[in-house]
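S.K.: Predicted model and sequence follow; I will ask about them next.
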Amino acid sequence: MKVIARNKTASYNYFILDKYEAGIKLVGSEIKSIRAGKVSINEAYVTFRNNEAYVTNMHIATYEQANRFNHNETRSRKLLLHKKQIITLFSKSRETGFSVIPVTLYLKDGLAKLEIALVKGKKNYDKREDLKQKDIDRRVKKNIARY
């Protein structure tokens, strides 16, 4: 498994409640660009239309050798999920404060997979508490290593 892109701010801005692995429906120039590592999922999110899930605003750079057969960089791409997973994610995302965002993009057995997460937004005081806890853990590890 080769990790291509991570959404590093996801755990800072959200409480991650549940994770799912989804395939992505891509065209040829998109997968070549993903293998080259020219992709960003930081601004991406998941939408639902006609009982199907789509990742929106995921930026995949154009592939230079594809010339006229290139793709639109930020088009919506269909996610390949089981029907039950789509229904649960859609029903949870309709509740107030919940969203579905991509966390990691990776290659698994030659196929591009997207790890999506059901998340709930953090308030500013939650973010401060997390930073305090990380600082305390760092100090404890430092003191343990010292002795």
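M.R.: Perfect, I can see it now.
S.K.: Read off the pLDDT value for residue 142.
M.R.: As predicted, residue 142 sits at a pLDDT of 94.
S.K.: Could I get the phi/psi values of it?
M.R.: phi -70, psi -40 (degrees, to the nearest 10).
S.K.: What of residue 110?
M.R.: Backbone dihedrals for residue 110, given as degrees, to the nearest 10, come out at phi 80, psi 0.
S.K.: Next, count neighbours for the closest residue to residue 17 other than its chain neighbours.
M.R.: Of all residues beyond its chain neighbours, the one nearest residue 17 is residue 118 (4.8 Å), with distances taken as CB to CB, 6 or more residues apart in numbering. In this view, the C-beta of every residue, glycine as well, is placed from N, C-alpha and C. The burial count assigned to residue 118 is 20, neighbours taken as other CB atoms under 10 Å.
S.K.: Run through the protein and note the low-pLDDT ranges.
M.R.: Nowhere does the chain drop to pLDDT under 70.
S.K.: Tell me who's in contact with the most centrally placed residue in the chain.
M.R.: For the chain, the residue whose C-alpha lies nearest the mean C-alpha position (CA atoms, centre = their mean) is residue 102; its distance is 1.7 Å. Residue 102 makes contact with 7, 41, 44-46, 55, 58, 114-117, according to CB atoms under 8 Å, 6 or more residues apart in numbering.
S.K.: residue ranges of the strands in this protein, please?
M.R.: For the chain, the strands defined by DSSP state E cover 2-6, 14-24, 39-40, 45-49, 52-56, 59-60, 77-80, 98-108, 111-121.
S.K.: Distance to residue 33 added to those strands, as TSV?
M.R.: Output for the strands of the chain, formatted as TSV (distance: least, CB to CB, whole Å):
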stretch	distance to residue 33
strand 2-6	10
strand 14-24	13
strand 39-40	7
strand 45-49	20
strand 52-56	15
strand 59-60	5
strand 77-80	12
strand 98-108	12
strand 111-121	10
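S.K.: Comparing the ones you listed, which comes out most buried?
M.R.: Taking mean count of other CB atoms under 10 Å as the contact definition, the stretch among the strands of the chain with the greatest mean neighbour count is strand 59-60, which reaches a mean of 21.
S.K.: What pairs with that strand, parallel or antiparallel?
M.R.: Strand pairing for strand 59-60, determined by DSSP bridges: strand 39-40 (antiparallel).
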